[in-house]
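pasting the sequence and the predicted coordinates here, then a few questions.
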Amino acid sequence: MSKQSAASGEFLKRHLREYGMLLSLAAIMLFFQVATDGTLLQPLNLTNLVLQNSYIVIMALGMLLVIVAGHIDLSVGSVCGFIGALAAVLMVEHGWHFLPASLVCLVVGGVIGAAQGAVVAWLRIPSFIVTLAGMLVFKGLALALLQGQSVGPFPEDFQLLSAGFLPDPLAGEELRVTSCLLGLALAVAMLATAWRKRSQHLQHGMPVEPWLVFGARHALFAAAVLALSWQLATYKGWPNVLVVMLVLMVAYDFLASRTVIGRRIYALGGNEKAARLSGVRTERLVFLSFINMGVLAALAGLVFAARLNTATPKAGLGFELDVIAACFIGGASASGGVGKVTGAVIGALVMGVMNNGMSILGIGIDYQQVIKGLVLLGAVCVDVFNKQKA
C-alpha cells in the first residue's frame with residue numbers, strides 16, 4: 001500500500017462520521033435508483049425532490065445553528081404552518097401584493113423567534129419547554145387564522161417562488177442551456193474555493209486532507225452538480241427555489257466557518273461557561289440564533305404555501321421532526337458545539353431521498369416512519385460512540 005493510500009485511510013478513520021454520511025447518501029441513492037428501475041434520478045423526479053425538500057433544507061440551516069448553540073426548536077413546523085396561513089389571509093382575503101405580504105411574514109417570523117429566544121436566553125427556561133409551548137400556540141393560531149378552512153389559491157406571481165423555473169433565453173427544444181451553464185459555473189466555483197482554502201491552510205501549516213481524499217471528494221461533488229444540472233436542463237431547468245437554497249447554503253456556510261459570530265456560536269455550544277468567561281455575550285447569541293430560526297421557518301412557510309398553492313390548517317405538521325433529524329443525521333451533536341452546514345444539507349437529502357424512494361416503491365407511511373426513526377437513532381448512536389472513543 002502506498003503512503004498516500006495509507007494516509008487517506010487513516011484520515012477517513014478519523015473523520016468517519018463526516019465522510020460516512022456522504023457515502024451513505026450515495027449508497028442510498030444508488031439503492032433506490034436500482035430498486036425503482038431508474039425512476040429516482042429521472043429529471044421530473046429530481047425536480048420533485050428539490051421542491052419537496054426545499055423547505056426542510058431551509059429550516060435545517062437555521063436549526064443547525066440552534067443545535068450547535070446547545071438548544072432545540074420544536075416549534076418550527078407550527079411556525080411554518082402559521083406563516084403560510086398569515087400569507088394566505090393577507091394575499092387571498094385582503095388582496096395584498098405578494099412582496100409586502102411576504103416581507104411582513106418574514107418580520108413576523110423574526111418576532112416569533114425573538115420572543116422565544118428572549119425567554120430561553122434571559123429567563124433561562126429550557127428551549128425544549130419554550131418551543132414545545134410555541135408548537136402548540138402557533139398550531140392553534142394557524143387554525144384560528146384559517147377558521148379551520150383551507151385558503152387559496154395564491155397569486156400567480158407568488159406561486160413562482162416554489163413552482164417557477166429560471167428563465168432561459170438560450171433554451172433549445174430539449175435542453176435548457178442556461179441551467180447547464182449555471183451548473184458548470186457552480187462546479188468550477190466549488191473547485192476553485194476548495195483549492196484556495198486548501199492552499200491557505202497549507203501556507204499556515206494547518207492540517208489538510210490527503211490529496212487522494214481531496215481529489216476524489218471534490219471530483220464527485222463537481223460530477224454530481226454537473227449531472228444534476230444536466231438532468232434538470234432536460235426538463236424545465238433550475239427551479240427558482242433551488243437558487244434560493246444555494247444562496248442560503250453559501251451564506252450560512254460562510255457565517256458558520258468564516259465569521260466571528262459563527263465561531264462564537266460553536267464556542268457557546270461547546271462550553272457555555274468558558275465562552276462567557278472569555279467575554280462572549282452568550283445570551284445575545286442564543287437570542288440571535290432563535291431570531292434566525294424564526295425568519296427561516298417563515299421563509300420555509302412561504303415556500304411550502306407557494307408549492308401547495310393553498311394554506312391548510314395541517315400545514316407544517318411533523319416538519320420539525322424531519323428538520324431536527326436532518327441535522328443529527330448530518331453530524332450535529334445533541335450536546336451542542338458540533339455540526340456543519342454541508343452535513344445538515346446532506347442529512348436533509350438523506351431524509352428526502354428515503355421519503356421519495358420509499359413512496360415510489362409503494363412502502364406505506366407507517367413503515368416509512370419506522371425506517372426514518374431507526375436511521376435517526378443510528379446516527380445519534382454513531383455520534384455517541386465516536387465521542388466515547390475520542
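Done, it's in.

not counting sequence-adjacent ones, nearest residue to the residue positioned nearest the centre of the chain?
Nearest to the geometric centre of the chain sits residue 57, at 2.3 Å (C-alpha atoms, centre = their mean). The shortest distance from residue 57 to any non-neighbouring residue, by C-beta to C-beta, 6 or more residues apart in numbering, is to residue 348 (4.6 Å). Bear in mind the C-beta positions are built from the backbone N, C-alpha and C, glycine included.

what packs against the particular helix or strand that has that neighbour in it?
Assigned by DSSP states H and E, residue 348 falls within helix 341-360. With contacts taken as 3 or more C-beta pairs under 8 Å, 6 or more residues apart in numbering; DSSP states H and E, helix 341-360 sits against helix 16-35, helix 43-68, helix 240-258, helix 319-329, helix 365-389.

what's the burial count for residue 312?
20 (other C-beta atoms under 10 Å).

return the distance of it relative to residue 88.
Residue 312 sits 9 Å away from residue 88, going by C-beta to C-beta, to the nearest Å.

same check on residue 106?
Taken as C-beta to C-beta, the span from residue 106 to residue 88 is 15 Å.

of those two, which one has the most company?
Using other C-beta under 10 Å, the more surrounded residue of residue 106 and residue 88 is residue 88, with 26 against 19.

the more buried one touches residue 153, doesn't it?
No. Residue 88 is beyond contact range of residue 153, at 9.4 Å (criterion: C-beta atoms under 8 Å).

which strand or helix spans the nearest residue to residue 319 once chain neighbours are set aside?
Leaving aside its sequence neighbours, residue 319 sits nearest to residue 77 (C-beta to C-beta, 6+ apart; 3.5 Å). Using DSSP H and E, residue 77 falls within helix 76-88.

tell me, how many residues neighbour residue 210?
Counted with other C-beta under 10 Å, residue 210 comes out at 18.

now it, what are its backbone angles?
Main-chain torsions, residue 210, degrees, to the nearest 10: phi -60, psi 150.

remind me which residues of this protein are low pLDDT?
For the chain, applying pLDDT under 70 flags the ranges 1-18, 171-173, 382-390.

rewinding a little: list the buried ones in the helix holding residue 348?
Buried residues in helix 341-360, counted by 16 or more other C-beta atoms under 10 Å: 341-358.

now that helix - C-alpha only, CSV.
Listed in CSV are the C-alpha atoms of helix 341-360, where the atom choice follows Å, rounded to 0.1, in the frame of the first residue of the first chain:
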residue,chain,number,x,y,z
VAL,A,341,-23.9,23.3,7.1
THR,A,342,-22.9,20.8,4.5
GLY,A,343,-23.7,18.0,7.0
ALA,A,344,-27.2,19.4,7.6
VAL,A,345,-27.9,19.6,3.9
ILE,A,346,-26.6,16.0,3.4
GLY,A,347,-28.9,14.9,6.3
ALA,A,348,-31.9,16.6,4.7
LEU,A,349,-31.1,15.0,1.3
VAL,A,350,-30.8,11.6,3.1
MET,A,351,-34.3,12.1,4.6
GLY,A,352,-35.7,13.4,1.3
VAL,A,353,-34.3,10.6,-0.9
MET,A,354,-35.6,8.0,1.6
ASN,A,355,-39.1,9.6,1.6
ASN,A,356,-39.2,9.8,-2.2
GLY,A,357,-37.7,6.4,-2.9
MET,A,358,-40.0,4.6,-0.4
SER,A,359,-43.0,6.4,-1.8
ILE,A,360,-42.1,5.3,-5.4
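
who touches both of residue 312 and residue 88?
Common contacts of residue 312 and residue 88 (C-beta atoms under 8 Å, 6 or more residues apart in numbering): residue 146.

can you put the helices and strands packed on helix 341-360 in CSV and add distance to residue 165?
Converted to CSV, the helices and strands packed on helix 341-360 look like this (distance: least, C-beta to C-beta, whole Å):
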stretch, distance to residue 165
helix 16-35, 23
helix 43-68, 9
helix 240-258, 7
helix 319-329, 24
helix 365-389, 29
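
residue 93 is nearest to which of those helices?
Smallest distance to residue 93 across those (C-beta to C-beta): 22.9 Å, for helix 43-68.

cool, thanks, talk later.
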